[in-house]
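J.: just to be clear, the model below is a prediction. Sequence and coordinates:
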Amino acid sequence: METCSNLLDEVNAGDTGAFESFVASAYGELRRMAASLMHGQINGRTLQPTALVNEAYLRLAQGEIRWDSKAHFFGAAANAMRQVLVAEARRRSAQERAGDAVRITFNDLAIQADEPQLDLLALDEALSALRQVDERFTSVLELRYFGGLSLEETARATGRSLATVKRDWAYARAWLYDHMAA
């Protein structure tokens, strides 16, 4: 079996078969990322982790297929998953506003929520605003939160020192908290 770096070299050379092999070898990690991303999502979603991975795959396959490292690929995959989740949230929001009928699901009948719900549209707006402040903070946030990378992996993926990534992570989280609380 080829190593990930060999497959990545073949992908970067334009081999579409290598891209499919690379994604297949990374599928388990992509599925874990998708499940983690969807964990705090608002109840009533129709998208499942497997479908999220498939939608992200389609977005990745449509774009320019070139990644510097495995961490770079997972960052791009995390961003693609975020875009899919935001599009799904917007679709649901538009669907809810479309009619006068009140739609009640079993999830609406729950008396107590176990976890805080994540508003993906507000998060996407906040990330777009943070990108205007500094792209560096946004990339760290996306790799850590959406990509599920550790601080060390994020430092390697971005080519920055661990200390810089720690400071960027602290700043980005604080900025995001302030922006979303406002």
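T.: Structure received. Numbers count the residues shown, from 1 in each chain.

J.: show the pLDDT at D68.
T.: Looking at D68, its pLDDT stands at 80.

J.: which positions in the longest helix along the chain come out as buried?
T.: If you go by DSSP state H, the chain has its longest helix at helix 70-98. By neighbour count on 16 or more other CB atoms under 10 Å, the buried set for helix 70-98 is 70-82, 84-86, 88-89, 92. Where C-beta positions appear, they are placed from N, C-alpha and C, glycine not excepted.

J.: from D119, how far off is T158?
T.: Using CB to CB, to the nearest Å, T158 is found at 27 Å from D119.

J.: of those two, who's got more company?
T.: T158 (19 against 15; other CB atoms under 10 Å).

J.: ok, now which ones touch the more buried one?
T.: T158 sits next to 136, 139-140, 143, 165 when contact means CB atoms under 8 Å, 6 or more residues apart in numbering.

J.: among those, who's most crowded?
T.: Sorting these by how many neighbours each has (other CB under 10 Å) puts V140 first, at 28 neighbours.

J.: which element is it on?
T.: Using DSSP states H and E, V140 maps to helix 135-141.

J.: state the mean pLDDT of the next helix-or-strand element following that helix.
T.: For helix 135-141, the succeeding helix or strand toward the C-terminus, using DSSP H and E, is helix 151-158. Averaged across helix 151-158, pLDDT comes to 87.

J.: buried ones in the next helix or strand after helix 151-158?
T.: On the C-terminal side of helix 151-158, the nearest following helix or strand under DSSP H and E is helix 162-181. Within helix 162-181, the residues that count as buried by 16+ other CB under 10 Å are 165, 168-169, 171-172, 175-176, 179.

J.: any idea how far A76 is from R160?
T.: 18 Å.

J.: same for the helix holding V140, what does it pack against?
T.: Packing partners of helix 135-141 (3 or more CB pairs under 8 Å, 6 or more residues apart in numbering; DSSP states H and E): helix 120-133, helix 151-158, helix 162-181.

J.: any chance of those in a markdown table, with distance to Y27 too?
T.: Shown next, in a markdown table, are these (distance: least, CB to CB, whole Å):
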| stretch | distance to Y27 |
| --- | --- |
| helix 120-133 | 23 |
| helix 151-158 | 19 |
| helix 162-181 | 27 |
